[in-house]
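Participant: got a predicted structure plus its sequence, pasted below:
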Amino acid sequence: MTTYKAIQKHSSLTAEYLAICKHAREQEQSRSLATSDNWAHVDKAQVHQDWDSLYKELAPLVAAADQPDDAQVQSMMARHYAIAARFYVPSREAYVGLGVFYQEDPSMREFHNAYHPQMAEFLRDAICVYALAKL
């Protein structure tokens with residue numbers, strides 16, 4: 001069973017590394033916004049619809065106490081990453097930073113937790129597992 005607390009002990013997930021990840025997300029996102037006319041190339045309505053569908057599929061797994069490293073959850077994180085990559089292709093660090101952002105930012109936490117009260121934390125963990133394994 002891999003939980004965020006367990007993966008935080010992973011040598012690459014120190015507090016310093018997570019700070020680097022948060023910074024990477026901010027930098028990559030800002031650069032992308034600046035060079036793409038605020039993501040004019042993205043069909044934002046479709047992206048939000050795709051994330052809504054994904055989160056509705058994911059919520060029962062959170063409720064069932066599935067683990068972030070579960071194969072079905074990780075398959076959904078591959079879909080999540082692909083949706084995020086419509087804006088820009090995040091590096092491993094920026095993607096980890098995105099997961100942390102979901103959990104730490106009050107409006108993002110509230111948005112995600114509307115699907116399930118633990119969704120933001122679960123996404124943070126699942127994104128971290130995905131990024132470490134696949135990116």
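Facilitator: Structure's in. What do you need?
Participant: got the contact list for the most centrally placed residue in the chain?
Facilitator: In the chain, the centroid-proximal residue (Cα atoms, centre = their mean) is residue 99; its distance is 3.6 Å. Applying Cβ atoms under 8 Å, 6 or more residues apart in numbering, we find residue 99 in contact with 123-128, 131. Quick note: C-beta positions are derived from backbone N, CA and C, even for glycine.
Participant: between the residues you listed, which sits nearest residue 116?
Facilitator: Nearest to residue 116 among the contacts of residue 99: residue 123, at 9.8 Å, using Cβ to Cβ.
Participant: nearest spatial neighbour of the closest one, skipping sequence neighbours?
Facilitator: Of all residues not flanking residue 123 in the chain, residue 102 sits nearest, at 5.1 Å (Cβ to Cβ, 6 or more residues apart in numbering).
Participant: and the host helix or strand of that neighbour, how far out from the chain's middle?
Facilitator: Secondary structure from DSSP states H and E places residue 102 in helix 92-104. Distance, stretch centre to chain centre, for helix 92-104: 6 Å (Cα atoms, centre = their mean, to the nearest Å).
Participant: which residues in the protein form strands?
Facilitator: Assigned strands in the chain: none (criterion: DSSP state E).
Participant: low-confidence ranges in it?
Facilitator: 1-12 (pLDDT under 70).
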